[in-house]
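Engineer: model this:
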Amino acid sequence: MSPSLIQIVIVVVLLILLFGRGKISGLMGDVAQGIKSFKKGIADEEPVKEDPKIIEQKSEKTVAEEKSDVSEKSE
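Structural biologist: As a prediction, this is how the structure comes out:
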């Protein structure tokens, strides 16, 4: 069920009566300015290039050696 033309006109007239033409046009101007600044911010943003991270795998022997080194230092 879509709104008819008469219903849309009634809603627009009520909005103009409640808020006035000045507030509505000011609000629309603020929305347009926000959209422009958002688009400008996206266009100015440079892509971030990240270096690939190298993940080292440790064998069980290496992990055991590190644990023994830590326990020797704490004693």
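Engineer: packing partners for the lengthiest helix in the chain?
Structural biologist: Looking across the chain with DSSP state H, the single longest helix is helix 5-44. Helices and strands touching helix 5-44, as assessed by 3 or more C-beta pairs under 8 Å, 6 or more residues apart in numbering; DSSP states H and E, are absent. Where you see a C-beta, it was placed from the backbone N, CA and C, and this is true even at glycine.
Engineer: state the mean pLDDT of that helix.
Structural biologist: Mean pLDDT, computed over helix 5-44, is 87.
Engineer: buried residues in that helix, which are they?
Structural biologist: By neighbour count on 16 or more other C-beta atoms under 10 Å, the buried set for helix 5-44 is empty.
Engineer: number the residues from 30 up from this point.
Structural biologist: Sure thing, new numbering starts at 30, so read that last one as helix 34-73.
Engineer: give me the secondary structure label for K82.
Structural biologist: Here K82 is recorded as coil under DSSP: H, G, I helix; E, B strand; the rest coil.
Engineer: next, count neighbours for it.
Structural biologist: By other C-beta atoms under 10 Å, 5 other residues sit near K82.
Engineer: need the pLDDT of it.
Structural biologist: Listed pLDDT for K82 reads 71.
Engineer: what about it, distance to S54?
Structural biologist: 52 Å (C-beta to C-beta, to the nearest Å).
Engineer: what does K69 give?
Structural biologist: Using C-beta to C-beta, K69 is found at 23 Å from S54.
Engineer: how about I45?
Structural biologist: Taken as C-beta to C-beta, the span from I45 to S54 is 11 Å.
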